[in-house]
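K.L.:
A structural model of the following input is requested.
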Amino acid sequence: MGSLIEFLKRETALNALEKSIKHAKVVQSCVEELGKGLIILLKERNPEKAHDVFHQVDIIENNADKLRREIQKDVSVGELNPSVRQNLSHLVKRMDDVANCCTGVARRISTVPERFWDQSSEETIQIVLEMMETTITCASYLDKILIDLLEERKNLNEYSNQINQYEHTIDLLNIKLRQSLQQTNYDVNQFTVFTVGNTFDILEAISDSIEGVADYIMVLVTSTESL
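P.N.:
You can find the predicted model right below:
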């Protein structure tokens, strides 16, 4: 295999390797916590409790940022050529983008007034929750595909295909959500409508970012020059 994989097998890289896997798990926790918050907000209708959970998403994302910086520091002090350093940094950054999207949803959805959800149809609520549930399942492959990249690389294609399929499902749900939203006559501030639309855009972008991680990993594996 190429230099990135060989580097990650070295004893000097174990710290960065362990932190990379830990980083993936923290990012997954960020997605899962966002899911908990949406259930509390939209199903249990407890905005105060949901706000606390959404704040936890922000804290977890901050922890992911700290890990990313530590990994980049470990990589920078190691004996790496510039291309390998760049590849590993890009991989960790793409992973961090997933957590950033979660925070984007959590921060924005906390500002949406309760009256918007009160006026939303049951179909709309269910689609949002289904999107989130599918996103959590999609994110569950993040640590799997990273661990497989760094170990035997036997299931990379399978994991990547699973992520792609879940991302496509979320795309279809997003279209269905837009249709459902337009079938409701909302009596809310126009800025609320804008905020909600922006929030759902970022919700859909979480799976896009996960797919970006998988796609980049497949590029690293198949490229004879980058690895």
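K.L.:
where does this structure have its least confident helix or strand?
P.N.:
Least confident helix or strand of the chain, by mean pLDDT, DSSP states H and E, is helix 3-9 with a mean of 54.
K.L.:
how near is the residue positioned nearest the centre of the chain to residue 184?
P.N.:
The centroid of the chain falls nearest to residue 98 when counting by Cα atoms, centre = their mean (2.8 Å). Per Cβ to Cβ, to the nearest Å, residue 98 is found 30 Å from residue 184. C-betas here are computed from N, CA, C, even on glycine.
K.L.:
got a list of what the residue nearest to the centre of the chain touches?
P.N.:
By Cβ atoms under 8 Å, 6 or more residues apart in numbering, the contact set of residue 98 is 27, 30-31, 139, 142, 206, 209-210, 213.
K.L.:
10 Å instead, please
P.N.:
The contact partners of residue 98, by Cβ atoms under 10 Å, 6 or more residues apart in numbering, come to 24, 27-28, 30-31, 61, 64, 135, 138-139, 142, 205-213.
K.L.:
Do you know the pLDDT at the closest residue to residue 189 other than its chain neighbours?
P.N.:
Nearest residue to residue 189 in three dimensions, chain neighbours excluded: residue 113, at 7.9 Å (Cβ to Cβ, 6 or more residues apart in numbering). Note for residue 113: predicted pLDDT of 96.
K.L.:
Surely residue 113 and residue 193 touch.
P.N.:
No - counting by Cβ atoms under 10 Å, residue 113 stays clear of residue 193, with 11.3 Å between them.
K.L.:
Overlap in contacts, the two.
P.N.:
Common contacts of residue 113 and residue 193, defined by Cβ under 10 Å, 6+ apart, are absent altogether.
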